[in-house]
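[1] Fold the stuff below for me.
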Amino acid sequence: MVVTGGIGAILSLGGGSGPETSRPAPSPEPKERPRAREDAGTVYANLVNGRPGAGGSGNLAGAYYRDGRFFLATVGHVATVPGGQMFDYQAGRPVGTVAYTTADAAGRDQGDGAALVDIGTGALPPLLRIATTDAVVPGAPAPIPSLATVSAAFTDGVLPSGTVACHSSFFSDSPTFAQGHGYRCGTLASDCPVSATECWFRGTAPFVASGDSGGPVWRPRPDGTVDLLGFVRHQAGNQTLIGFTPASAYSRHDWTSGVAPDFPAGPGGSFVTAPGAPPDVKATQSGPGRAEATWRASPAHPADPVMEYRILVDGRQMAVTPPAVFRAQFAMKLPTGPHQLVVQAVDRWGVARSSAATAVA
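    As a prediction, the model looks like this:
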């Protein structure tokens, strides 16, 4: 996929630097605050650093996979101490260990401004809590589900200036939460190349506040899913401009410092995304009252493979095949057509990506 962002005078949400042309003194680190507890299974999107003196506000969101282990992605000044534990604020239980961080000894972001929290070998779904209700986003043909499917992460190309971008936060006193059902949307302030360590987008004040650090930045897709663009890092422009660490920085970063013991150094890993829609779907009559569908294998992330394919005609399930089978014959038993056939790729979590509709008589 292709995505980017950045300019403006900077006020830090918790360390790091802004554009080289303007570097005012950073604002104080955001203070840790309680937040509403998320549903079990989405708690990974709503955590704070519970280690005393270890930094601490912000959201964790985005499932990351490296070397057979799963991680939660956030920014460096949210997860500051390699080897330190991250906690579910509400339940008070540990949920993972800070495996990688770019924060310095004072808890300030350096360079890419990224962090990864290890949760072990238990799989995480390609889902992202983006709102407290279905999100109505400018330019999207329909509302985006509040627990959105992540179709892609920004890993190549350029995000052009003017691209719609949204960010999410679940602090009850954040303007993002109070005025926007947990999300606010704006547009990229400048092009964001894949090589950037920081990109920028803007909205109408108040657009971002202390406590939004680490919240996911995303954009809607026409199919009702989202692209993960990165994670909130700074504010500027009287709370109208947001600097974020792009998703591409996580897999590209060469981890030579800020690495907890027993975790491999160097670059590696990728964000978990849902399987792609089945390509090259064809539907034909295979006999009286029978039809046949064929397709090619869906592209899939190694940590979220396709578990089955479902064939639907006019919304009714007609057949199911295992992941290595790309052909299905079935009885139509429907009035004379035409009818619309789609093939769905379904992962272990029941997340389904549908092909474009194909006519079958």
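[2] So Val137, which state does it fall into?
    Three-state assignment for Val137 (DSSP: H, G, I helix; E, B strand; the rest coil): coil.
[3] so it sits right up against Ser168, yeah?
    No: Val137 sits out of contact with Ser168 when judged by Cβ atoms under 8 Å, with a separation of 11.6 Å. Backbone N, C-alpha and C define where each C-beta goes, glycine included.
[4] higher neighbour count, the two?
    Set Val137 next to Ser168 and count neighbours by other Cβ atoms under 10 Å: Ser168 wins out with 28 against 21.
[5] List the buried residues of the one helix or strand Val98 maps to.
    Secondary-structure element containing Val98, defined by DSSP states H and E: strand 94-101. Neighbour counts over strand 94-101 (16 or more other Cβ atoms under 10 Å) mark Val95, Gly96, Thr97, Val98, Ala99, Tyr100, Thr101 as buried.
[6] per-residue confidence for Thr358?
    For Thr358, the pLDDT comes out at 92.
[7] likewise Thr163?
    Note for Thr163: predicted pLDDT of 93.
[8] So what sits opposite the residue nearest to it when sequence neighbours are not counted in the bridge?
    If the residues on either side of it in the chain are set aside, Thr163 comes closest to Leu188, at 4.6 Å by Cβ to Cβ, 6 or more residues apart in numbering. In this structure, Leu188 has the following beta-bridge partners (DSSP bridges): Phe201.
[9] Could you verify my assumption that Leu188 touches Ala196?
    No: contact criterion Cβ under 8 Å: Leu188 and Ala196 do not qualify, at 11.1 Å.
[10] which residue sits closest to Pro125, ignoring its sequence neighbours?
    Nearest residue to Pro125, sequence neighbours excluded (Cβ to Cβ, 6+ apart): Trp349, at 4.4 Å.
[11] and that neighbour, helix, strand or coil?
    Bear in mind the rule, three-state DSSP; under it Trp349 is coil.
[12] In contact with it, which residues are there?
    If you count contacts by Cβ atoms under 8 Å, 6 or more residues apart in numbering, Trp349 has them with Pro125, Pro126, Leu127, Asp304.
[13] among those residues, who's most crowded?
    Pro126 (28 neighbours).
[14] Go ahead and confirm that residue touches Gly276.
    No: under the criterion of Cβ under 8 Å, Pro126 lies out of contact with Gly276, with a separation of 11.2 Å.
[15] and stretch 113-124, which residues are buried?
    Gly113, Ala114, Ala115, Leu116, Val117, Asp118, Ile119, Ala123, Leu124.
[16] ok, Ile119 touching Arg66?
    No: using Cβ under 8 Å as the test, Ile119 is too far from Arg66 to be in contact (11.8 Å).
[17] so where's the protein uncertain?
    Flagging of the chain using pLDDT under 70 yields the residue ranges 1-60, 88-93, 170-180, 205-207, 210, 237-238.
[18] surely Gly162 meets Gly186?
    No: taking Cβ under 8 Å as the contact criterion, Gly162 and Gly186 are not neighbours in contact, 10.3 Å apart.
[19] who has more neighbours, these two?
    A direct count of neighbours by other Cβ under 10 Å for Gly162 and Gly186 places Gly186 higher, at 21 against 12.
[20] any idea how far Pro264 is from His181?
    Relative to Pro264, His181 is positioned 40 Å away (criterion: Cβ to Cβ, to the nearest Å).
[21] which of those two has more neighbours?
    Between His181 and Pro264, His181 has the larger neighbour count (other Cβ under 10 Å), namely 17 against 14.
[22] For the more buried one, list the residues it contacts.
    Ala131, Thr132, Thr133, Ala135.
[23] can you give me phi and psi for Asp314?
    Dihedral pair for Asp314: phi 50, psi 40, per degrees, to the nearest 10.
[24] Over to the one 4 residues further on?
    Note on Met318: backbone dihedrals following degrees, to the nearest 10 are phi -110, psi -30.
[25] Could you pull up the contacting residues of it?
    Listed by Cβ under 8 Å, 6+ apart, the contact partners of Met318 are Ala291, Ile311, Leu312, Ala328, Phe330, Ala331, Met332.
[26] mind checking which helix or strand the residue nearest to Asp280 when sequence neighbours are not counted is in?
    Spatial nearest neighbour of Asp280, chain neighbours left out: Arg296 (4.7 Å); criterion: Cβ to Cβ, 6+ apart. Secondary structure assigned from DSSP H and E places Arg296 in neither a helix nor a strand.
[27] Arg296: neighbour count?
    As a burial measure, Arg296 scores 12 neighbours (other Cβ under 10 Å).
[28] ok, and for the strand ranked longest in the chain, which residues are buried?
    For the chain, the strand that runs over the most residues, judged by DSSP state E, is strand 226-236. Of the residues in strand 226-236, Val226, Asp227, Leu228, Leu229, Gly230, Phe231, Val232, Arg233, His234, Gln235, Ala236 count as buried by neighbour count, 16+ other Cβ under 10 Å.
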